[in-house]
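>>> Provided below for reference: sequence and predicted model.
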Amino acid sequence: MNIEKNQHNELATIDLDANNLNTSVSIDQHYGHVVEKVVRRAHIGISEIARKLHISRRTLYNWFETKQISIDIIKKIGYVIGHDFSVELPEAFSGEDRRAADQYLGMPFSNIDDKNQSVFYWMERYIKLLENVNQNLVNNRELKNDALN
């Protein structure tokens, strides 16, 4: 067995079977770096991806630094950004189609404009926070009035 570096500075292991003279090459890719490269080219922000995955941005950055990310995580990220990672990581994926991935994730693929969804999400969240602040101010004022009387 020989270990060499390929043109992308990734480790490649080459196994030679002396009896059959078969050669098998497997590239030892850093899945996190591959995923990060695709995510950064996507037209969706890191914060938005993290929100849709229900994780923190820090977790997403940690995944980018992980050499062997779970295929399930890669599928979820791919679903969120609308990308098929089987192109970059063919050895990691079997021949699953989009419907199978949708079933696995438990959500149908949506063509709704993500930017509009994002704006409405944050607008609704902001309004709820303002309502909570206003309610707290009203409650505080009532407590002060009760204390003075």
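Thanks, I have it.

>>> okay, now the domains of the protein?
For the chain, whose domains are defined here by automatic domain parsing, the residue ranges read 31-110, 112-149.

>>> quick one, helices of the protein?
According to DSSP state H, the chain carries its helices in the segments 31-41, 46-53, 57-64, 71-81, 98-105, 114-148.

>>> a markdown table for the domains of the chain, including mean neighbour count and mean pLDDT?
For glycine as for every other residue, the C-beta is placed from the backbone atoms N, C-alpha and C. Listed next are these as a markdown table, based on neighbours: other CB atoms under 10 Å; pLDDT from 0 to 100:
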| stretch | mean neighbour count | mean pLDDT |
| --- | --- | --- |
| domain 31-110 | 15 | 81 |
| domain 112-149 | 10 | 82 |
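
>>> in CSV, list the helices of the chain along with distance to residue 89.
As requested, these are arranged in CSV below (distance: least, CB to CB, whole Å):
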stretch, distance to residue 89
helix 31-41, 6
helix 46-53, 18
helix 57-64, 14
helix 71-81, 7
helix 98-105, 14
helix 114-148, 24
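
>>> nearest to residue 88, out of those helices?
When these are compared for distance to residue 88 using CB to CB, the nearest one is helix 31-41, at 5.1 Å.

>>> in CSV, list the C-alpha atoms belonging to the closest one.
As requested, C-alpha coordinates have been extracted for helix 31-41 and formatted as CSV (Å, rounded to 0.1, in the frame of the first residue of the first chain):
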residue,chain,number,x,y,z
TYR,A,31,-16.1,16.3,4.1
GLY,A,32,-16.4,19.4,6.2
HIS,A,33,-14.3,21.5,3.8
VAL,A,34,-16.2,20.2,0.8
VAL,A,35,-19.5,21.1,2.5
GLU,A,36,-18.2,24.5,3.5
LYS,A,37,-17.1,25.3,0.0
VAL,A,38,-20.5,24.5,-1.4
VAL,A,39,-22.3,26.3,1.4
ARG,A,40,-20.3,29.5,0.9
ARG,A,41,-21.2,29.5,-2.8
